[in-house]
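S.K.: Turn this into a structure:
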Amino acid sequence: MKAVFFKYKLKFKNPSGTSRGVLTFKDTWFIKVSDAQKSGIGECAMFPGLSCDDRPDFEAKLDWVCKNIHLGFETLMDELTEFPAIQFGLETALLDFKSDEPFVLFPSKFTKGKAAIPINGLVWMGNTNFMKTQIYSILASGFDCVKIKIGALDFATEFALIQSIREEYDADTIEIRVDANGAFSANEALEKLKRLSDLQLHSIEQPIRSGQVDAMAKLCKESPLPIALDEELIGIYSVTKRRQMLQTINPQYIILKPALVGGFSGSQSWIDIAESQSIGWWVTSALESNIGLNAIAQWTYQLNVKCPQGLGTGTLFTNNVNAPLEIKNGKLAYEPQYKWKINF
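M.R.: This is a model prediction of the structure:
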């Protein structure tokens, strides 16, 4: 078996705003493994500015993996503990290599086109009119769960925007999640969460930036609005430290991004710990191409998820891989009658 990697620049159809700034493109990396008969491809979806493996030796480590692919999966994964994006890409590439059908990593009713995954519609930050336009478009497309990124505008404006949606659609009709990406300060967060709870929201992701364990634990204990940890999970490698963190903070939910927490094996570790502590969870993509999104979606389906997942990012890019993934009526579906087209 041999392996190669290459970099690819995903280009957004529209500038996409977060509390960290506006995104117009996202770099990603692909790893391809092959022998004389077959091949497999995986996406090493390192997220600059967010992933713990956003470091100068990222590509050098990828090169090392390709040169040492003969060492085998277990040995390589052990060597990649601090490179979760590469773990995710390698794991996916080898699953694809071993599969009976290209890109079908976890055969199921989902990959046969007989079942779909409920997902949330994603509303990016921008001015009020831009965000309202997105919300109404999402609702018109059949979604009954929306996730709104907040933290870029002033709080009063964002509150009024969400309030206007809630006045039109009650909580039984539309589930609203918000994602602050750590935008609130620890001192002001509780008061803001109390106000947001009046809008009957499902939850808020990462209200304060990660690493403030005591402050986050206090928030999770006192907030009337359920809190979901996202960035807080990044960079915690050992099972012991993962368990300790969740025991200390005791959030209502955690959010799993396989490319940021060590692939499917790393994500399953978090799920096992969370469930042992009665903590809820769901899975979210992290702006991967359709190659990474496909892998995450197939893995997620076989977990028998019920609540909406965060897997609606495949339509964001102008130069994405053509894949048989389609969003219909608020669900992500795999349409096997359509073919993959790698356009690198």
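S.K.: Is the most far-flung residue of the chain relative to its centre within a helix or a strand, and which one?
M.R.: Ranking residues of the chain by C-alpha distance from their mean position (CA atoms, centre = their mean) puts Ala36 at the top, at 34.2 Å. When elements are defined using DSSP states H and E, Ala36 is found to belong to no helix and no strand.
S.K.: In contact with it, which residues are there?
M.R.: Contact analysis of Ala36 by CB atoms under 8 Å, 6 or more residues apart in numbering lists nothing. All C-beta spots, glycine's among them, are computed from the backbone N, C-alpha and C.
S.K.: So which elements touch the strand ranked longest in the chain?
M.R.: The residue-count maximum for a strand in the chain (DSSP state E) belongs to strand 2-18. Under the contact criterion of 3 or more CB pairs under 8 Å, 6 or more residues apart in numbering; DSSP states H and E, strand 2-18 touches strand 21-34, helix 58-67.
S.K.: Okay, helices next: where are they in the stretch 101-250 of the chain?
M.R.: In order along the chain, the stretch 101-250 of the chain carries the following helices (DSSP state H, counting those that start in this stretch): 128-140, 155-168, 189-197, 213-222, 239-249.
S.K.: what's the closest of these to Cys44?
M.R.: Distances from Cys44 to each of the helices of the stretch 101-250 of the chain were compared using CB to CB; the shortest belongs to helix 239-249, at 22.1 Å.
S.K.: Partner strands of the next helix or strand after that closest one, with direction?
M.R.: Counting by DSSP H and E, the next helix or strand C-terminal to helix 239-249 is strand 253-256. With DSSP bridges as the criterion, the sheet partners recorded for strand 253-256 are strand 227-229 (parallel), strand 280-283 (parallel).
S.K.: then strand 253-256 to CSV, C-alphas only?
M.R.: Taking only C-alpha atoms (Å, rounded to 0.1, in the frame of the first residue of the first chain), the coordinates of strand 253-256 have been written out as CSV:
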residue,chain,number,x,y,z
TYR,A,253,-24.8,18.6,26.0
ILE,A,254,-21.5,18.1,24.1
ILE,A,255,-21.0,18.5,20.3
LEU,A,256,-18.8,16.1,18.4
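S.K.: List of residues touching it?
M.R.: In this structure, residues lying in contact with strand 253-256 by CB under 8 Å, 6+ apart are 203, 205, 226-230, 233, 246, 267, 270-271, 274, 279-284, 310.
S.K.: chain center to the next helix or strand after that strand, what's the gap?
M.R.: Tracing the chain C-terminally past strand 253-256 and defining elements by DSSP H and E, one meets helix 258-261 next. A distance of 8 Å separates the centroid of the chain from that of helix 258-261, by CA atoms, centre = their mean, to the nearest Å.
S.K.: Need the residues that contact helix 258-261.
M.R.: 43-47, 50-52, 84-85, 88-89, 233-234, 264, 266-267, 270, 283, 286, 288, 292, 295-296, 299.
S.K.: And stretch 96-107, by the same measure?
M.R.: Stretch 96-107 has contacts (CB under 8 Å, 6+ apart) with 1, 33-34, 38-42, 92, 95, 111, 291, 294-295, 298-299, 301-302, 323, 340.
S.K.: Can I get the buried part of those as one PyMOL selection?
M.R.: For selection in PyMOL, the members of these meeting the burial criterion (16 or more other CB atoms under 10 Å) are listed in this command:
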select buried, resi 33+34+39+40+41+42+92+95+111+291+294+295+298+299+301+323+340
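S.K.: could you point out where the stretch 1-150 of the chain is predicted with low confidence?
M.R.: Of all residues in the stretch 1-150 of the chain, those with pLDDT under 70 make up the ranges 17-20.
S.K.: Mind doing that once more with 90?
M.R.: Along the stretch 1-150 of the chain, segments meeting pLDDT under 90 span 13-24, 48-50, 123-132, 134-136, 149.
S.K.: Give me the neighbour count for Lys32.
M.R.: When neighbours are counted by other CB atoms under 10 Å, Lys32 registers 19.
S.K.: hmm, back to that, any of the contacts of strand 253-256 buried? List them.
M.R.: Neighbour counting over the contacts of strand 253-256 (16+ other CB under 10 Å) leaves 203, 205, 226-230, 233, 246, 267, 270-271, 274, 279, 281-284, 310 as the buried ones.
S.K.: Okay, the nearest residue to Ala183 once chain neighbours are set aside and Arg209: tell me how far apart.
M.R.: If the residues on either side of it in the chain are set aside, Ala183 comes closest to Gly151, at 2.7 Å by CB to CB, 6 or more residues apart in numbering. Summarising the geometry, the distance separating Gly151 from Arg209, computed by CB to CB, to the nearest Å, is 11 Å.
S.K.: buried ones in stretch 319-326?
M.R.: Judged by neighbour count using 16+ other CB under 10 Å, the buried positions of stretch 319-326 are Asn320, Val321, Ala323, Pro324, Leu325.
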